[in-house]
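Participant: A structural model of the following input is requested.
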Amino acid sequence: MVARAAAIFAVLTCVLLVANYVQLKKSDPVNMTVITTLVERLNQNPRDSALRSEIRTLDLLSRKAYFTSKWQIRTGGYMLLAFISLMVIAWQVVEYRKKVSPILSEKQEDESVFQRSRARKWIMAGGGSLLVLAILFAELASNDPIYKANSLANKVNAPVQEQQPEVIPDEVNETETTVAAQSTENNSTAVPQDTTENKSETVTSVAESAPLKKEVAMSTDNFPNFRGVGGTGVVLKKDIPVSWDGKTGNNILWKTAIPLPGYNSPIIWGDRIFLTGSDGLNQEVYCIDKNNGKLLWTANIGKASEKPTINPETGYAASTSVTDGNAVYSIFPTGNIAAVSMDGKIIWEKNLGQPNNYYGYASSLIMYKDKIIVQYDQSTSPKVMALSSKTGDIVWSTDRQVKVSWSSPIVVNTGRDTELLLASDPLVAGYNPENGKELWQLQCISGEVGPSLAYANGIVFSVSDYSQLSAIKLGNQPTILWSSDEFLSDIPSPVATDKYLFLATSYGALVCYNVLTGEKYWEHDFSSNFYSSPMLVGDKVYLLDKKGVMHIFSADKEYKVIGEPALGEGSVCTPAFTDGRIYLRGFDNLYCIGK
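Facilitator: Residues are numbered from 1 along each chain as shown. Alright, predicted model coming up:
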């Protein structure tokens, strides 16, 4: 009876799973007829904010339904395996309980031998069936990577945005550095340059670098990796401009064309700026004079034999480099990582193995003391590792029970110690950056994790699209202080003060929360996309949209616009800051903005 009941439930579950799977394949949250109709209406009236909000709400509901169906398939698969297992076990019990006559004649054969043979065949057939079903439903329940590449946000904002190539911004981090700074002896005055002349000069000039000299202390103008000290998006710089115009050249000190494309952000040490670029085969590191935009040298890193598989939104150079003043360290989606001296000579180079990542590798580097931290979350053998900055040897490597991610690590002082913090489905975790030991983990995030973490005053903030925004209070046992699923980001990373959390979404929403309670102070809807992450500079927040307009507003509980200067070129890269200047990478050029 148990075997028969299990068989009936298995058949019913299988029918429901097939029906659910067919329905799931027919549904397309991005191209729903209703949404398409609403988008066409929005095309006719692109300033209708109410209609845009209605589309986004409907999109969110349809996507939640989609992921619920996927969860049902995965759960149903486990139930089906359980029913089949129960059925096979029950049948085995029945077979073993059958009575066999102990009296044999000369012409009779021992039935027990054949019974045991049949039992072995049933076990083999049942086990094989379980294996096939497990593989089948693992495939059905796998995450489809289609919705990040076909974001409805692009449809919703298409009527009011310029047509620029789709890209994923680099989510990179900035670390405290105590190494001596290096700068050029020739501190030439910043001179505005004409676009055409500048492009010609930079492309043809893989120039000799200026002589270097060591400084006694680290320059306050250094910006060694992305998103400020520790990679948290908080920058302590002075006299940052709030107005410029890329078309007229107002406050544009210079701009320089970059030879190969890339979506990584500039980093700065002394008088030198570093960027990377790649077309999939050629992988290059660039050094640019901070004062006049001149390309000082180009270093070629591990030419690829074939282009890795990437999404166009990620590109072949999404990861931002890191520097300690002795060298610049860069990584590419081929798995090549290298250290290049400040005068352009390759110190060491190695390949970590091409990461198995269906969008392309995008995590950026960060440093702790003399160690380069690499977050290598991929489909096979995800890990976080530390490489020696002097030799490139692996100092430590820690395996992670996570899925693919595109976020980048941050390094913060939590009050008790310095911790390395990472986010990836299904957890946020803290590590000792000295030896890679896991200190804690909390399962609170899921899906395709692109944004990096934010941190302020003992609280870590994690977010992922179709998951949740979580405020994690650190301590002996980290706990979730509050969470919300109203506004979620798939690309931009949040930034926090001791009072406010600022979160931007790729579809153009900007929100301010109370860091302690999760109370929403305000929200503001823009008509353009955000791939760049907001940066907190003093009491102001700088947020660059995809059209190249910088939205500058007060870091306050009320939305107060300070300025909205336009670059005149699209961008998805988060800017770098030094005292009095902003360095911003557009789709084609690197800009120096200053008074």
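Participant: and after the strand or helix carrying residue 350, which helix or strand comes next?
Facilitator: Per DSSP states H and E: residue 350 is located in strand 346-351. Next along the chain after strand 346-351, taking DSSP H and E as the criterion, comes strand 366-368.
Participant: adjacent strands (with direction) for that next one?
Facilitator: strand 371-376 (antiparallel) (DSSP bridges).
Participant: quick one: distance of the partner strand to the chain centre.
Facilitator: 15 Å (Cα atoms, centre = their mean, to the nearest Å).
Participant: list of residues touching the next helix or strand after that strand?
Facilitator: Scanning forward in sequence from strand 371-376 by DSSP H and E, the next helix or strand is strand 383-388. Contact with strand 383-388 is made by 337, 352, 368, 370-377, 393-400, 409, 420, 422, 431, 433, 436, as judged by Cβ atoms under 8 Å, 6 or more residues apart in numbering. C-betas here are computed from N, CA, C, even on glycine.
Participant: how does it look with 10 Å?
Facilitator: 329, 331, 337, 339, 348, 350, 352, 363, 365, 367-377, 393-400, 402, 409, 420, 422, 424, 429, 431, 433-436, 438 (Cβ atoms under 10 Å, 6 or more residues apart in numbering).
Participant: does anything pack onto the strand holding residue 350? Which helices or strands?
Facilitator: Under the contact definition 3 or more Cβ pairs under 10 Å, 6 or more residues apart in numbering; DSSP states H and E, strand 346-351 sits against strand 295-300, strand 327-331, strand 336-341, strand 383-388.
Participant: of all those strands, which gets the most neighbours per residue?
Facilitator: Of all the helices and strands packed on strand 346-351, strand 327-331 has the most neighbours on average by mean count of other Cβ atoms under 10 Å, namely a mean of 28.
Participant: avg pLDDT for it?
Facilitator: Across strand 327-331, pLDDT averages out at 97.
Participant: packing partners of that strand?
Facilitator: strand 267-269, strand 272-278, strand 283-289, strand 322-323, strand 336-341, strand 346-351, strand 371-376.
Participant: do that again at 6 Å, thanks
Facilitator: Secondary-structure packing of strand 327-331 (3 or more Cβ pairs under 6 Å, 6 or more residues apart in numbering; DSSP states H and E): strand 336-341.
Participant: next one: the strand it packs on to chain centre, how far?
Facilitator: 22 Å.
Participant: and it, which strands flank it?
Facilitator: With DSSP bridges as the test, strand 336-341 pairs up with strand 327-331 (antiparallel), strand 346-351 (antiparallel).
Participant: among these, which comes closest to residue 472?
Facilitator: Nearest of the strands paired with strand 336-341 to residue 472, taken as Cβ to Cβ: strand 327-331 at 27.6 Å.
Participant: tally of neighbours for residue 366?
Facilitator: Residues lying near residue 366 (other Cβ atoms under 10 Å) number 30.
Participant: that one pairs with what?
Facilitator: Here residue 366, judged by DSSP bridges, has bridge partners residue 373.
Participant: ok, it touching residue 372?
Facilitator: No - using Cβ atoms under 6 Å, residue 366 makes no contact with residue 372, being 7.9 Å away.
Participant: list phi and psi for the nearest residue to residue 505 once chain neighbours are set aside.
Facilitator: Nearest in space to residue 505, with sequence neighbours left out and distances taken as Cβ to Cβ, 6 or more residues apart in numbering, is residue 489 at 5.0 Å. Note on residue 489: its backbone torsions stand at phi -110, psi 140 [degrees, to the nearest 10].
Participant: what sits against residue 489?
Facilitator: The neighbourhood of residue 489, defined by Cβ atoms under 6 Å, 6 or more residues apart in numbering, consists of 451, 463, 505.
Participant: confirm residue 256 sits in a strand?
Facilitator: Yes - under DSSP: H, G, I helix; E, B strand; the rest coil, residue 256 sits within a strand.
Participant: that one against residue 592, yeah?
Facilitator: No - the pair residue 256 / residue 592 is not scored as a contact, 8.3 Å apart, by Cβ under 6 Å.
Participant: could you pull out the helices for the protein?
Facilitator: 2-26, 33-44, 49-97, 111-140, 152-157, 195-204 (DSSP state H).
Participant: on that earlier part again, quick one: closest of the strands paired with strand 336-341 to residue 572.
Facilitator: Smallest distance to residue 572 across these (Cβ to Cβ): 18.8 Å, for strand 327-331.
Participant: gap between the closest one and the chain center?
Facilitator: 19 Å.
Participant: give me the residues contacting that strand.
Facilitator: Against strand 327-331 from outside (Cβ under 6 Å, 6+ apart): 274, 276, 285, 319, 321-322, 337, 339-341, 347, 365, 372.
Participant: and stretch 500-513, by the same measure?
Facilitator: 153, 157, 461, 487, 489-492, 494-495, 515, 520-526, 528-530, 534, 541, 543.
Participant: can you give me the end-to-end span of it?
Facilitator: 6 Å (Cα to Cα, to the nearest Å).
Participant: swap in stretch 573-588?
Facilitator: 12 Å.
Participant: what sits against residue 83?
Facilitator: Per Cβ under 6 Å, 6+ apart, neighbours of residue 83: 6, 9, 10.
Participant: and for the last one, the neighbour number?
Facilitator: The number of residues packed near residue 10 is 20, by other Cβ under 10 Å.
Participant: that one touches residue 84, doesn't it?
Facilitator: Yes - using Cβ under 6 Å, residue 10 is in contact with residue 84, at 5.3 Å.
Participant: including distance to residue 586, could the helices and strands packed on strand 346-351 go into a markdown table?
Facilitator: A markdown table is the format used below for the helices and strands packed on strand 346-351 (distance: least, Cβ to Cβ, whole Å):
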| stretch | distance to residue 586 |
| --- | --- |
| strand 295-300 | 16 |
| strand 327-331 | 20 |
| strand 336-341 | 24 |
| strand 383-388 | 31 |
